[in-house]
Structures are given as structure tokens and as C-alpha cells.
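S.K.: What follows is a predicted protein model with its sequence.
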Amino acid sequence: MNIKKQCIIDSFKISQESIDSGWTMPYSHCHGAHEIYILKHGARTVTIENTDYSTTAKDAALFASNITHSSKGDTPFSGICIHFSERYLDMYFTNEAKKQLMKCFKHKILSLNDIDFATIQNIADHFSENAANNFLILASVLDILNHSSQRTDICISAQDAKMQKKAERIIEYANENYAYIKKISDFTDLFAVSESYVFQVFNKKYHMTPKQYINKLRINTACHRIKHSHNSIKSISHDCGFDNYEHFIRVFKREIGATPTEYQKTVRIKSQN
């Protein structure tokens, strides 16, 4: 990745821009100042370090100093750009005040409500770079973003609880229907989630892919039935969800370390002793 270091004025500045066509930054860049970019209209994909974020009107992207970022989009857009340096903060605020003001930067993207956006837009429209009270203006902007971040935290907490419940339902569904699940869309269609989310659920809880987890359940059931029933191994494999008998043998040997027939002989010998 081509990354360029850009110099930003060592102070506090608010500027506005309007681009009549789509534009993609040719490189990722970083600079020694903190930056806030608030999209006024249009849509942009913002890349912060290696993560992409989709932003629309009234979204604020927050770039801490020396963090690489770039943006791209195919439509016209406009925005408010705010830069301020660490040195500027040191000039006007105590360490504790700085800590409180900069809390909003723990978020990469914040969504502003209509009132907060209008307030910052009014500040930008009347900004004068040489005004004596600019440090108070900066404090006001950061205070607005901190309130937005608190609302975001509440939304994230509620969303996390909702997604946790959905994750539990996905696992429960797998445990109850492993013999019938054929593809990842069996999860995505039923629970209205992405494939990546389903993979994330199983990886987080079991450090397995969905397929690995389902195969493990199938093989555990097959072992139990081989041990406690008189059905043929081929019949058992089909009942456990394997449509292909050769595939069942390969998965069984990988999981157990023996073929189904070898396993059956071992458990029968043990039961006779």
C-alpha cells in the first residue's frame, strides 16, 4: 500500500469542500494532526487503516493523528473538514480536559442527529481562523461528538445484545438441525445475516467453521449410533446428514482416527470384554 505523510497546519482549522463528481484518493495518507470529516451530502467509503466504512450525509469520520486513511466514491459529495493538533490542545486544555474531549475518537465513525449536524454546520459557516475564542469552538465541536458517541454506545450495546441473541439461535439451530443443513444459506436466509457473520459466530464460540462444527456433531452422533444400534454404517451415515458415503468415511477418519468399520470393531470388542 502506498502511504504518504501529509503536513497539516499546527493549529485548529475548519474548512468546507464540494466535489461535483466522484473521486477516489490515489493513496492512503496520514498526518500529525487529528482530523474530523463530516459528510454533508453524498456517500463515501472511508478506509481507516485496513477497515472500510460506508458513510452517508451527517456521518463524521474521526482520524486520530498518524492513522492512515483514505476515501473513495462515485458520486458528488461535500463535507466539513476539521483539523487540530495535539500541540493546540496542550495550549488550551489540561490533560484531564483533553482526555474527556478526545473520548469521541474511540469511535471511527459517528452519526450526527439533525440538531448536532446543524450546529456544527453553523460553526463551520462562521469560522474565522484567527478568532481568539477558537479553542472554545473546538471544545464545543468535540462535546457534540462526545454526546453522539454516547448515543452510539447505547445503540451498540442494544445491538450487541440483539446480535448475541441471534448468535445463540444460530448455534441452537445447528445443534437441532445438523443432519439437514446443506449449505451456509440455510443460516443466512433463515436469520437474515451475512455469510461472514455466520462464520464469525462459529469461530468465536468454537474456533471452527460452520461446516467443521456441523460435521463434528454428525460424527459424534454416528459414533453413538454405531455403538448402540444395529443399523448399517451406510444407513447411519445417511441419517446423520451425509449424502455421500465416501465423504462420510473420510470425515469420520479425520475426526476419530479410524474408519467407521474399524471403530465398530473396536467398540464391539470392548463391549464383549
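M.R.: Looks like it came in fine.
S.K.: what about stretch 88-101, start to end distance?
M.R.: Using Cα to Cα, to the nearest Å, the end-to-end distance of stretch 88-101 comes out at 13 Å.
S.K.: pLDDT on it, on average?
M.R.: For stretch 88-101, mean pLDDT is 95.
S.K.: cool, and stretch 212-224?
M.R.: 96.
S.K.: gap between that stretch and the chain center?
M.R.: How far stretch 212-224 lies from its chain's middle: 31 Å, per Cα atoms, centre = their mean, to the nearest Å.
S.K.: Other residues contacting it?
M.R.: Contacting residues not belonging to stretch 212-224 are listed as 174-175, 178-179, 181, 202, 206, 208, 236-237, 240-242, 248, 251-252, 255-256, 260, 263 [Cβ atoms under 8 Å, 6 or more residues apart in numbering]. C-beta here means a position set from N, CA and C on the backbone, and glycine is covered the same way.
S.K.: go with 6 Å
M.R.: With Cβ atoms under 6 Å, 6 or more residues apart in numbering as the test, stretch 212-224 has contacts from 178, 181, 202, 206, 236, 240-241, 251-252, 255.
S.K.: same check, this time on stretch 100-120
M.R.: Looking at what lies outside stretch 100-120 - Cβ under 6 Å, 6+ apart - the contacts are 48, 53, 58-62, 64, 142, 144-146, 148-149, 152.
S.K.: taking these one by one, which sit in helices?
M.R.: Taking DSSP state H, the ones among these that sit in helices are 142, 144-146, 148-149, 152.
S.K.: which of those residues tops the neighbour count?
M.R.: Highest neighbour count within the ones in helices among the contacts of stretch 100-120: residue 145, with 26 neighbours (other Cβ atoms under 10 Å).
S.K.: Find me the pLDDT at that residue, would you?
M.R.: Value for residue 145, per-residue pLDDT: 95.
S.K.: which residues sit in contact with it?
M.R.: Contacts of residue 145 by Cβ under 6 Å, 6+ apart are 104, 110.
S.K.: can you check residue 11 too?
M.R.: residue 88.
S.K.: Give me the distance between it and residue 126.
M.R.: 18 Å (Cβ to Cβ, to the nearest Å).
S.K.: Just list the residues touching residue 184, thanks.
M.R.: With Cβ under 6 Å, 6+ apart, residue 184 has these contacts: residue 195.
S.K.: ok, which pair from the contacts of stretch 212-224 is furthest apart?
M.R.: Farthest-apart pair in the contacts of stretch 212-224 is 202 and 236; separation 24.6 Å (Cβ to Cβ).
S.K.: the helices in the chain, which residues?
M.R.: 86-92, 95-101, 114-125, 134-177, 185-191, 195-206, 210-228, 233-239, 245-256, 260-272.
S.K.: Dead centre of this protein: give me the residue that sits there.
M.R.: residue 51 (8.4 Å; Cα atoms, centre = their mean).
S.K.: With adjacent residues omitted, what lies nearest to that one?
M.R.: residue 108 (7.4 Å; Cβ to Cβ, 6 or more residues apart in numbering).
S.K.: average model confidence for stretch 173-186?
M.R.: Rounded mean pLDDT across stretch 173-186 is 95.
S.K.: Name the residues of it that are buried.
M.R.: 174, 178, 181, 186 (16 or more other Cβ atoms under 10 Å).
S.K.: what about that stretch, how long is it end to end?
M.R.: Stretch 173-186: ends 10 Å apart by Cα to Cα.
S.K.: quick one on the thing from earlier: which of the contacts of stretch 212-224 ranks first by neighbour count?
M.R.: Going by other Cβ under 10 Å, residue 252 tops the contacts of stretch 212-224 with 26 neighbours.
S.K.: re earlier: would you reformat the buried residues of stretch 173-186 as JSON lines and include distance to residue 227?
M.R.: Listed next are the buried residues of stretch 173-186 as JSON lines, based on distance: Cβ to Cβ, whole Å:
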{"residue": "174", "distance to residue 227": "23"}
{"residue": "178", "distance to residue 227": "19"}
{"residue": "181", "distance to residue 227": "24"}
{"residue": "186", "distance to residue 227": "29"}
